[in-house]
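Asks: Take a look and give me a structure for this.
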Amino acid sequence: MLADLKQFETKMEKTIETLEEDFNTIRAGRANPHVLDKIKVDYYGQPTALQQVGNISVPEARMILIQPWDSSIIKDIEKAINVSDIGITPNNDGKVIRLIFPELTEERRQDLSKDVKKKGEGAKVAIRNIRRDANDFYKKLHKNNDITEDDLRDVEDEIQKITDKFIESIDKKVEAKAKEILTV
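Replies: Next up is the predicted model:
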């Protein structure tokens, strides 16, 4: 019975991982190479992850340097960055592309903080949906007389404890990311 619970806990862990990945793509005033994670470059007709077409480094706190292995795709990389929603205009000197992150305005910080909270709420909804699925799964087992009323109550309590643990984890991650964004 607890083995079945593990599948729901694994789904909840995946929700947390997805939230962390989303948070990594939100820029907080400092250069973070993860903001480029979702950018795909048209590389010989194939959409290819930016990390696979060049070297990405952070030489300064507010600059990302992209050095493509094949300098003929600099224009394609620039185009991919412009099309993405990171909001930074790339500068290139023919060999490398520089992304300079401007200081965030207070208003922009507030907007990003709201966005973080919205993503956190979305993750909580996903966790609660998984809890509902788990409860439904065990109620069906009870209905088919595969588990007793007491077992059902025990497993529902356990599901709630697991859910509470993940919700608390989301709250901490949201709070930490919001604090990071609002810190000047």
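Asks: okay, CA-based contacts and neighbour counts for the rest of this
Replies: Fine.
Asks: My read is that I167 contacts V125, right?
Replies: No. Checked against CA atoms under 8 Å, the pair I167 and V125 is beyond contact range at 9.4 Å.
Asks: starting at the chain centroid, how far to the helix or strand harbouring K118?
Replies: Per DSSP states H and E, K118 falls inside helix 106-143. Relative to its chain's centre, helix 106-143 lies at 14 Å (CA atoms, centre = their mean, to the nearest Å).
Asks: what packs against that helix?
Replies: helix 2-24, helix 149-182 (3 or more CA pairs under 8 Å, 6 or more residues apart in numbering; DSSP states H and E).
Asks: what's the closest non-adjacent residue to the residue minimising distance to the centre of the chain?
Replies: Centroid-nearest residue in the chain: D22, 1.9 Å away (criterion: CA atoms, centre = their mean). Once flanking residues are discounted, D22 sits nearest to K119: 7.9 Å by CA to CA, 6 or more residues apart in numbering.
Asks: count of neighbours near the one you found?
Replies: Using other CA atoms under 10 Å, K119 has 18 other residues around it.
Asks: ok so, going back, residues of the helix holding K118 that come out buried?
Replies: 109, 112-113, 115-117, 119-121, 123-124, 126-128, 130-131, 134-135, 138-139, 142 (16 or more other CA atoms under 10 Å).
Asks: Please apply the same query to stretch 90-101.
Replies: Buried-residue list, stretch 90-101, by 16+ other CA under 10 Å: P90, N92, V96, I97, R98, L99, I100, F101.
Asks: tell me the pLDDT at the residue sitting furthest away from the middle of the chain?
Replies: When each C-alpha in the chain is compared with the mean C-alpha position (CA atoms, centre = their mean), N145 comes out farthest, at 40.7 Å. In this model, N145 is scored at 87, pLDDT.
Asks: Make sure I have this right: it is in a strand.
Replies: No. Assessed with DSSP: H, G, I helix; E, B strand; the rest coil, N145 is coil; it does not lie in a strand.
Asks: tell me the contacts of it?
Replies: With contacts defined as CA atoms under 8 Å, 6 or more residues apart in numbering, N145 has no neighbours.
Asks: ok so, going back, the residue nearest to D22 and T18, how far apart?
Replies: K119 sits 10 Å away from T18, going by CA to CA, to the nearest Å.
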